[in-house]
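>>> What shape does this take:
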Amino acid sequence: MAKIKAVLFGTGNMGRVIAKFLVEKGVDITGAVSRTHVGEDLGEVSAIGSAMGVVISDDAEKVLSTVEADIVVHAACSSLAEIYPDACLCLQKGLNVVTITEGAFYPWSYDPDMTAELDTLAKQHGVTLSATGVQDAFWINAISVLSGVSHKIDSIELQASADFGKLGPAVLQYFPLGLTPEQFMGSPPPPDAKPPASTIGTAFEALISKLRMSVKKVDGGVEPVLANADIECLALNKTIKAGQISGLTEIISMETNE
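Residues are numbered from 1 along each chain as shown. Presented below is the predicted three-dimensional model:
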């Protein structure tokens, strides 16, 4: 059986670990695209730890035009808008894309136009754009399987806690880390700014869709979590002082028509 050939997008915290996982699974990494570590060997900057002959480039068009690939593994951003240009390029070149981009997991509800464009493009070229991650395995598929053996379901409740510091700046840039509660409440986003999709909210909507249900009502919001003591945020190279925002708590409730 021929090896799968892959191009990796992103050499941040997640991309460097994914490179190692791909090699361990027998995938042949033929190219790497990133805004960082340009000109360096992917093996040396990743968790692989030794040279592998793949030089990191910041020119996606050039890489995809000069190497053989079956798929693109994308681990370079967090929102659908950010992955959109790369996704279009890859799909147009007939490459399947798998990504850990949270905003691409189930974007039909919060950005239907961009989602429809990518869906149409993928179908035109006979390829796919798939988002995966913890929500895929544990929040959607595991719960839907358990739901299938339940005679009656009144409600489904999910509680999740995560240290997003391990995900690096690509994710942390969306959080108001280091702000005071007053700054957080008093600094509205620019008029044309589009907030990133709710990771939990999109997971719930994906689960509801998988269970062949439909959303009737959505309630909820976000509350800041304050640091009890100074915290060194290595990913952003900053210190979050006691009393400043060190994270967020998101509470969402969805009622279905069913």
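>>> Please export the alpha-carbon coordinates of the strand or helix carrying S147; PDB is fine.
Assigned by DSSP states H and E, S147 belongs to helix 142-148. Once non-C-alpha atoms are left out, helix 142-148 reads as follows in PDB (Å, rounded to 0.1, in the frame of the first residue of the first chain):
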ATOM      1  CA  ALA A 142     -19.200   9.500  21.400                       C
ATOM      2  CA  ILE A 143     -22.400  11.300  22.600                       C
ATOM      3  CA  SER A 144     -24.400  10.500  19.500                       C
ATOM      4  CA  VAL A 145     -23.500   6.800  19.800                       C
ATOM      5  CA  LEU A 146     -24.600   6.700  23.400                       C
ATOM      6  CA  SER A 147     -27.800   8.600  22.400                       C
ATOM      7  CA  GLY A 148     -28.600   5.800  19.900                       C
END
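>>> Now do that helix: which elements does it pack against?
helix 199-210 (3 or more Cβ pairs under 8 Å, 6 or more residues apart in numbering; DSSP states H and E). The C-beta positions use only the backbone N, C-alpha and C, and glycine is treated the same way.
>>> So which residues of the stretch 1-150 of the chain form helices?
13-24, 42-45, 60-66, 80-92, 112-124, 134, 142-148 (DSSP state H, counting those that start in this stretch).
>>> wait, what's in contact with the closest residue to F105 other than its chain neighbours?
Using Cβ to Cβ, 6 or more residues apart in numbering and skipping residues adjacent in sequence, the residue nearest F105 is A131, 4.2 Å away. Residues in contact with A131, defined by Cβ atoms under 8 Å, 6 or more residues apart in numbering, are 98-102, 104-106.
>>> Check which helices and strands the one helix or strand in the chain whose mean pLDDT sits lowest sits against.
The helix or strand of the chain with the poorest confidence is helix 169-172; it has a mean of 76 (mean pLDDT, DSSP states H and E). Contacting helix 169-172 under the criterion 3+ Cβ pairs under 8 Å, 6+ apart is no other helix or strand.
>>> Can I get it in CSV, CA atoms only?
Taking Å, rounded to 0.1, in the frame of the first residue of the first chain, the C-alpha atoms of helix 169-172 are listed here in CSV:
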residue,chain,number,x,y,z
PRO,A,169,-0.7,32.3,20.2
ALA,A,170,-2.9,31.2,17.2
VAL,A,171,-5.7,30.5,19.7
LEU,A,172,-4.8,32.7,22.7
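>>> That one: what's the following helix or strand?
Using DSSP H and E, the first helix or strand after helix 169-172 is helix 181-186.
>>> So for that next one, what gets flagged as buried?
By neighbour count with 16 or more other Cβ atoms under 10 Å, helix 181-186 contains no buried residues.
>>> That helix packs against which elements?
strand 215-226.
>>> Sheet partners, orientation included, of the strand it packs on?
Paired with strand 215-226 in the same sheet, following DSSP bridges, are strand 245-256 (antiparallel).
>>> shaky segments in this structure?
In the prediction, the chain carries residues with pLDDT under 70 at positions 187-197.
>>> which residue is nearest the middle of it?
Closest to where the C-alpha atoms of the chain average out (Cα atoms, centre = their mean) is T101, at 2.1 Å.
>>> Before I go, just wanted to say thanks for your time.
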